[in-house]
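In: Sequence plus the predicted model coming up.
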Amino acid sequence: MELSFLNASDIVKAHLALHGKVEPTVNTSALIKITIVIGRKYDGFDVSLETIFQIAAEYGIQLAHNNWHPNPDKAAETAYLTCVLHLNRYGIDMDCSHRDLLLMIRDSWTQPNKLAVHMLKKYLNSIAAKYNQHCRTNLNFQVADSSVREPMHCHELANVASRLAESFK
C-alpha cells in the first residue's frame, strides 16, 4: 500500500461541506503549496498508523496557520475537518466531535508531532470504549493498526467530508 495525499480540491470540498460555500477570498495557490510541501515531506515514508496520524496532523497545523483563508476560525475548522478526513481515507473511523483537538489545532504553539499523539490517543480511547478494553493499550493499538486499509479514491472523499461536517456541529 502507498501513501495517498490530499490535494487542494479535496480541502476546498471539505471547506464547502463544512461552511456551505467557498468564498472568493480563498487562496487556492496557498492550498496547492501546502499540499505539495506535505506530499514532498512524506514521500517515500512507509504506510503505518503513526505515519497516517502524523500526516493528518501536518494538514491540520499547516492549514490552520497559513493564510489561505481570511477568517482564522473558518481556516482552523476546515483544517480540523481535513485532518480527520485524511484519517477516514485510510479507514480510521474518527469524527469531528473532539473539540479539544480543534483547540489544539488553533493554538500557534502546537506542533504536528504533538497533535498526532493526541489524535492517536483519542482514537485508541474510542477503541477501548467500543470494545470495553480499558487499560489494554497494546490490544487497542493492534485493533487500530488492523483497521488501516487502502486509501479511498477522490470521488469517495466528498461523501465522507459531508458526513464529517455533520459530526462537527
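Out: Sure thing, it's come through.
In: Could I have the CA atoms of the strand or helix carrying Tyr59 written out in CSV?
Out: Using DSSP states H and E, Tyr59 falls within helix 49-65. Extracted C-alpha coordinates of helix 49-65, given in CSV (Å, rounded to 0.1, in the frame of the first residue of the first chain):
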residue,chain,number,x,y,z
LEU,A,49,-0.6,4.1,11.7
GLU,A,50,1.9,6.6,13.0
THR,A,51,2.6,8.0,9.6
ILE,A,52,-1.1,8.4,8.8
PHE,A,53,-1.7,10.3,12.0
GLN,A,54,1.5,12.4,11.5
ILE,A,55,0.4,13.4,8.0
ALA,A,56,-3.1,14.2,9.2
ALA,A,57,-1.7,16.4,12.0
GLU,A,58,0.5,18.1,9.4
TYR,A,59,-2.5,19.0,7.3
GLY,A,60,-4.2,20.3,10.5
ILE,A,61,-1.4,22.6,11.6
GLN,A,62,-0.4,23.8,8.1
LEU,A,63,-4.0,24.7,7.2
ALA,A,64,-4.7,26.4,10.5
HIS,A,65,-1.6,28.6,10.4
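In: what about Asp100, neighbour count?
Out: 9 (other C-beta atoms under 10 Å). Quick note: C-beta positions are derived from backbone N, CA and C, even for glycine.
In: one step back: from the contact counts, what lies against the helix holding Tyr59?
Out: helix 28-42, helix 72-89, helix 99-106, helix 112-131, helix 137-147 (3 or more C-beta pairs under 8 Å, 6 or more residues apart in numbering; DSSP states H and E).
In: any idea of the mean pLDDT for the second one?
Out: Put plainly, it is helix 72-89. The average pLDDT for helix 72-89 rounds to 91.
In: got the contact list for the most centrally placed residue in the chain?
Out: The structure's the chain has its C-alpha centroid closest to Cys83; by C-alpha atoms, centre = their mean the separation is 1.4 Å. Residues in contact with Cys83, defined by C-beta atoms under 8 Å, 6 or more residues apart in numbering, are Ala56, Ala57, Tyr59, Gly60, Leu63, Leu101, Ile105, Leu115, Met119.
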